[in-house]
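Chemist: Quick one, structure for this:
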Amino acid sequence: MSTIIFLNGTSSSGKTSLLKALQNQLREPYLDMGIDRFIWMLPKRYLDRPLWDDVLGKAHHSGPVGLILFSGMHHAIAAAASRGNNVVADHVFVEKAWADECANLFADMNAYLIGIHCPLEVLEQRERGRKDRTLGQARAQFDVIHRYTKYDLEVDTSLLTPEQCAQKIIERLQSPPVAFKKLR
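Modeler: Below is the predicted model:
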């Protein structure tokens, strides 16, 4: 049976570093089918404003392009897992519709939802240090990112390294997932 691991946290919370640590530590191969992979499939003009607002740039809500894009991402993950692929995907559940759709798609699958936490001050410091993020995204997402979810496990990337967080997640994989069932 394939396994799906969703990492949900704000921009700059350390999801990508954690995803890579998981890929390195897990024995079986896990496909990276995260949000950035899907965003980078868009034409380049959508990565800058004003079109970025149609994707994921309106405070803590998605635009119309983002709604369609991430629904496609959810269905692509379900399809890959149904064919036997293990998947790890970072996400930003800023839309209740996304959490609801994922609950319906993944409640009966071996799919884990992991909450990625980090204090706002640390998020903003990381965001300023990166050259590939829209400033203010972490703050805009901070109050809503965990609003629509329940988790199989929560980790704080300001207290643990990506490798330590990955180890906690791998340990959690020894028990069945429950978060998406509870959300449904």
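
Chemist: Okay, now the unreliable bits of this protein?
Modeler: Applying pLDDT under 70 to the chain picks out residues 57-61, 131-134.

Chemist: Tell me the residue in it that is farthest from the middle.
Modeler: Pro50 (23.7 Å; C-alpha atoms, centre = their mean).

Chemist: which SS class is that residue?
Modeler: coil (DSSP: H, G, I helix; E, B strand; the rest coil).

Chemist: so who does it touch?
Modeler: Contacts for Pro50 (C-beta atoms under 8 Å, 6 or more residues apart in numbering) come out as none. C-beta coordinates here come from the backbone N, C-alpha and C atoms, glycine included.

Chemist: any idea how far it lies from Ala107?
Modeler: 37 Å (C-beta to C-beta, to the nearest Å).

Chemist: which strands and helices sit next to the lengthiest helix in the chain?
Modeler: In the chain, taking DSSP state H as the definition, the longest helix is helix 64-82. Secondary-structure packing of helix 64-82 (3 or more C-beta pairs under 8 Å, 6 or more residues apart in numbering; DSSP states H and E): helix 35-39, helix 52-55, strand 86-91, helix 96-106.

Chemist: quick one, which of the ones you listed is nearest to Phe142?
Modeler: Ranking the helices and strands packed on helix 64-82 by proximity to Phe142 (C-beta to C-beta) places strand 86-91 first, at 15.4 Å.

Chemist: would you put the C-alpha positions of that closest one in PDB?
Modeler: This file holds the C-alpha atoms of strand 86-91, laid out as PDB (Å, rounded to 0.1, in the frame of the first residue of the first chain):
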ATOM      1  CA  ASN A  86       4.500   6.900  -2.300                       C
ATOM      2  CA  VAL A  87       4.100  10.700  -2.200                       C
ATOM      3  CA  VAL A  88       5.300  13.500   0.000                       C
ATOM      4  CA  ALA A  89       3.800  17.000  -0.700                       C
ATOM      5  CA  ASP A  90       4.100  20.300   1.000                       C
ATOM      6  CA  HIS A  91       1.000  22.400   1.000                       C
END
